[in-house]
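[1] could you work out the structure for the sequence below:
(chains A, B, C and D)
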Protein chains: 2
Amino acid sequence: MTARREHRLVFLLSVAQRRLQRWIAAQTQQSGVTAAQSGLLFVLGQRDGVLMGEAGAALDLGPPGISGLVDRMTAANLIRRRADPDDGRAWRLWLTPAGRAALAQSKAGLAEVNVRLTEGFTDAEIDIVARWLTSLQSKFPRGEDE
Amino acid sequence: MTARREHRLVFLLSVAQRRLQRWIAAQTQQSGVTAAQSGLLFVLGQRDGVLMGEAGAALDLGPPGISGLVDRMTAANLIRRRADPDDGRAWRLWLTPAGRAALAQSKAGLAEVNVRLTEGFTDAEIDIVARWLTSLQSKFPRGEDE
DNA sequence: GGAATTTATTTCGCATGCGAACTATCTATG
DNA sequence: CATAGATAGTTCGCATGCGAAATAAATTCC
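    A predicted model of the protein is given here:
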C-alpha cells in the first residue's frame, strides 16, 4: 500500500495527453493542422524527402499510422508523395508550399505550448519528467525491439 | 534557446501514452478489455450505479466519449445500463458478473504496469511526474472550466 | 536464374474520442 | 400552467492509430 499507486499514473498520463491534444487541435483550428500532422511537418522540416517508413519511425508510428497520416495530409495539400527512384516499393515525402507555411505556424504554436508545459517547474524537474516519459519507451517497447 | 525545448515534451508525452496504451491492449488481449474500458470498470468498482455523466467526468470524457464506451461495453456484456428512476433523461451504469471478473483481472494487470511505470525512479521523482501530469489539467482545461 | 524471403506500403476492421448538432426530459420563471 | 432554458444522452462525421492480412518490389540463397 505505497503512496505511489495512488498517483494513478496510467490515468494521469492518458488525461494529460488527451487534454494537450485537444488544446493543440483547438489552437490550430484555423490552419486545419492537427497535432499529429504537425509532427510530420516537423520531421519534413528537418529532413525533407524522407521515406514513409523513416517518418513513421521518427514519429513512433507503425505502417498503418503513417500511411493514413500521409493520405490525409496529401489530400490537404500539405505534403507531396513521390516514388523513390531507387526503390519501387518506397515513397519519399516532401513539403508543399502550403505545408511549409503550416510548419511555420506550428512552430510558433508549439513554442507557446512548450512554455505552458514547463510553467511552474524547474529545469531539474522538467528533466525528471522528460526522463520518465522517455523511460516508458524502453519499458513498453513495440513488438520487436524488446 | 533553452535546453527545455529540446525535450520535446509534446512528442514525448504522445509517444509515452501510445506505448502504454498499446502495451495494456496487448496484455489484456485475452479478456478483450481495453485500457479505456478498464477505466470505466474501475469507476464502477468504486461507485456502481453512477450516472453516465458522472462516469464521463471521472474519466475526463465528454458525452460522445462516454456514450460510445458504454455502447461497446454493454455490447460486450461488461456493464448494464438501467434508466434512472428519478430522471427520465439519465442512465445508471452497473457492472455485470463478467464485468466484475474483468475488473479483477484489470486490477492485477494495472498493479504490474504501475510497478513498471515507477521502476528506476524515486518516490520524490514520481511525485514530481505526477504533479506535472496533473498540472496539465489546469494548463489545458476543457472548454468551460477555464 | 528462379524460388524463398524480406521489406515498404496499403487495406480492412476496429476502438477511441473529439466538436457540432440533435432529442428528450427536467427546471425555473413569468 | 406554459414556455424558455438548462441538462443528459445520442448521433454524425472526422482524425488517430492499432493488429492482421494483403500486395508488390527488392534481396538472398541455392
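[2] how about the residues of chain A by DNA strand D?
    By CB under 7 Å from any atom of the strand, the residues of chain A that approach DNA strand D are A:34-37, A:59-65, A:68-69, A:72, A:86-89, A:143. In this view, the C-beta of every residue, glycine as well, is placed from N, C-alpha and C.
[3] please repeat the previous calculation with a cut-off of 6 Å.
    A:34, A:36-37, A:61-62, A:64-65, A:68-69, A:72, A:87-89, A:143 (CB under 6 Å from any atom of the strand).
[4] would you list the buried entries among those residues?
    Burial by neighbour count, 16 or more other CB atoms under 10 Å in any protein chain shown: within the residues of chain A next to DNA strand D this picks out A:Thr34, A:Ala36, A:Gln37, A:Leu61, A:Leu69.
[5] all strands for chain A, in order.
    A:79-84, A:87-95 (DSSP state E).
[6] quick one: closest of these to DNA strand C.
    strand A:87-95 (3.4 Å; CB to the nearest atom of the strand).
[7] only alpha carbons, please: show that closest one as CSV.
    Only the C-alpha atoms of strand A:87-95 are listed here, as CSV (Å, rounded to 0.1, in the frame of the first residue of the first chain):
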residue,chain,number,x,y,z
ASP,A,87,13.2,1.5,-54.8
GLY,A,88,9.9,0.8,-56.4
ARG,A,89,8.2,0.0,-53.1
ALA,A,90,9.1,3.2,-51.3
TRP,A,91,7.8,6.7,-51.4
ARG,A,92,9.5,9.9,-50.3
LEU,A,93,7.6,12.8,-48.7
TRP,A,94,8.1,16.4,-49.5
LEU,A,95,6.6,19.6,-48.0
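[8] how near is A:Pro141 to B:Pro63?
    36 Å (CB to CB, to the nearest Å).
[9] same deal with A:Gly88?
    In this view, A:Gly88 and B:Pro63 are 48 Å apart by CB to CB.
[10] cool, and A:Asp84?
    For A:Asp84 relative to B:Pro63 (CB to CB), the value is 46 Å.
[11] of the two, which one has the most company?
    Neighbour tally, A:Asp84 and B:Pro63, criterion other CB atoms under 10 Å in any protein chain shown: the higher count belongs to A:Asp84, 13 against 10.
[12] neighbours of A:Asn77, how many?
    A:Asn77, neighbours per other CB under 10 Å, totals 12.
[13] now do A:Gly99
    Neighbours of A:Gly99 under the rule other CB under 10 Å: 26.
[14] A:Arg19 too?
    With other CB under 10 Å as criterion, A:Arg19 counts 19.
[15] for the closest residue to A:Pro141 other than its chain neighbours, which residues are in contact?
    The shortest distance from A:Pro141 to any non-neighbouring residue, by CB to CB, 6 or more residues apart in numbering or on different chains, is to B:Arg19 (7.6 Å). The contact partners of B:Arg19, by CB atoms under 8 Å, 6 or more residues apart in numbering or on different chains, come to A:Asp60, A:Leu136, A:Gln137, A:Phe140, A:Pro141, A:Arg142.
[16] just send the strands of chain A back as TSV, with mean pLDDT too.
    As requested, these are exported to TSV (pLDDT from 0 to 100):
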stretch	mean pLDDT
strand A:79-84	97
strand A:87-95	97
